[in-house]
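**Student:** compute the structure for the input listed below.
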Amino acid sequence: MSGETGTARRSQPWPATGAGRLPRQRDSSAVAQLRVLVAVGTDKHRFDRLVDWLAQWHAQATEPVGLTLQHGHTAAPALPGAVPFLGHDALQQAMAEADLVVCHGGPATILEARRHGHLPIVVPRDPTRGEHVDDHQLLFARRLGAAGLVVLCETREALYDALAAGSADPSRYAVAADPQAHEARRAAVARVGQIVDDLVARSTPRPRRWRAWSRSGAKETR
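**Tutor:** Down below sits the predicted model:
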């Protein structure tokens, strides 16, 4: 899949689909306010780095920001809109209403953001900082970043640059919404599983293989 650039998103309200109905875009007559969703997922590891970066950015913002920050097991920041976890429906609504989505490198979160028409700003968890058990998020996010499918931010400066660009023009980080992208989600999750398997295989010492020969040396026993 080739990289994507920003396109107009949700120009019309989402169609009603019964129990799966998605919220309509907010009224354009409402007070102009950038809506930012930050999601760190449900992993048991803290993600202080991303939460601290967002808190500092929010404190310096010169324009109104409607922030929803799902901080998981990270200590609750002193910010409006901070919540430990969001249920499925609440997360769907937050993604549908957001102008920008910032998230960790979890494949499910990334695919959900893209399904709602966002080019997500992704800060992958780093195991060397105690943010995860391995580096599969780094590997996955870098692959997607190279393909132009996410905005990869591994430093505070990169994140702030992405937020500045998104604040100036949110459509830069919008893609064609794909409410039916379930197959893509399954494929991405399967790919991450393969990456994790490869990591485990590389980190596990291989036992030495001994060849037991008969006294005649003619045959190998197994």
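**Student:** do a quick rundown of the strands in this protein.
**Tutor:** Using DSSP state E, the strands of the chain run over 34-39, 65-70, 82-83, 100-103, 121-122, 151-152, 212-213, 220-221.
**Student:** what's the fourth one packed up against?
**Tutor:** Think strand 100-103. strand 34-39, helix 107-115, strand 121-122, helix 156-168 (3 or more C-beta pairs under 8 Å, 6 or more residues apart in numbering; DSSP states H and E). The way it works is simple: take the backbone N, C-alpha and C, and place the C-beta from them, glycine included.
**Student:** adjacent strands (with direction) for the third one?
**Tutor:** This points to strand 121-122. According to DSSP bridges, strand 121-122 forms sheet pairs with strand 100-103 (parallel), strand 151-152 (parallel).
**Student:** ok, back up a step: using CSV, lay out the strands of the chain together with mean pLDDT and mean neighbour count.
**Tutor:** Below are the strands of the chain laid out as CSV (pLDDT from 0 to 100; neighbours: other C-beta atoms under 10 Å):
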stretch, mean pLDDT, mean neighbour count
strand 34-39, 98, 24
strand 65-70, 97, 22
strand 82-83, 97, 16
strand 100-103, 98, 27
strand 121-122, 98, 26
strand 151-152, 98, 24
strand 212-213, 45, 10
strand 220-221, 43, 8
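**Student:** for Leu67, what are its contacts?
**Tutor:** Leu67 makes contacts with Arg35, Val36, Val38, Leu54, His58, Leu79, Pro80, Gly81, Ala82, as judged by C-beta atoms under 8 Å, 6 or more residues apart in numbering.
**Student:** find me the pLDDT at Ala16, would you?
**Tutor:** Note on Ala16: pLDDT of 32.
**Student:** okay, the strands paired with strand 121-122 in JSON lines with distance to Val122 next?
**Tutor:** Shown next, in JSON lines, are the strands paired with strand 121-122 (distance: least, C-beta to C-beta, whole Å):
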{"stretch": "strand 100-103", "distance to Val122": "6"}
{"stretch": "strand 151-152", "distance to Val122": "6"}
